[in-house]
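Trainee: okay, here's the prediction I keep looking at, along with the sequence it came from:
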Amino acid sequence: MKKVEIFDPAMCCSTGVCGPSVDPELSRVASAIYSLEKKGFDIKRYQLTNDPGKFAENIEVNNVLHEKGPDALPIILVDNQVVRVGSYPSNEEFAEWFNVTPDELTEKPKVRVSIDINSLK
């Protein structure tokens, strides 16, 4: 099974899908990652703000950052090899790496909200 690691630039939250104007590309990537994680695939996402150690300890990522600077982010690794620099993979690429169909990568996370009406009194 393939291992995919995504090294994101610094963002306001873990997915970048927050704030007043959501980037549709980040939303698409978050949905694809969510769907792949739910299926048990080995896909990890690291953010410069929250996981600086992951960036520092990965030689491949370090080399790209030293060569091209932080504008090279995101950096995508498949089986520890850099396969993409400066942009996110398409759903077709994710599907090819994990042997699924692109349609399987569009599931949105479902958030359950529970309200105790008695506590509102």
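Mentor: It's in.
Trainee: spatially central residue in the chain, please.
Mentor: With distances taken as C-alpha atoms, centre = their mean, Arg45 lies nearest the centre of the chain, 4.5 Å away.
Trainee: now it. Its backbone dihedrals?
Mentor: Dihedral pair for Arg45: phi -130, psi 130, per degrees, to the nearest 10.
Trainee: do Arg84 as well
Mentor: Main-chain dihedrals, Arg84, degrees, to the nearest 10: phi -160, psi 140.
Trainee: residues near the nearest residue to it once chain neighbours are set aside, how many?
Mentor: Closest residue to Arg84 apart from its sequence neighbours, by C-beta to C-beta, 6 or more residues apart in numbering: Ile76 at 4.0 Å. In short, each C-beta sits where N, CA and C put it, glycine included. Neighbours of Ile76 under the rule other C-beta atoms under 10 Å: 20.
Trainee: same check, this time on Thr101
Mentor: Neighbours of Thr101 (other C-beta under 10 Å): 9.
Trainee: for the closest residue to it other than its chain neighbours, give me its contacts.
Mentor: Closest residue to Thr101 apart from its sequence neighbours, by C-beta to C-beta, 6+ apart: Ala95 at 5.8 Å. For Ala95, the contact set (C-beta atoms under 8 Å, 6 or more residues apart in numbering) comprises 101-102, 104-105.
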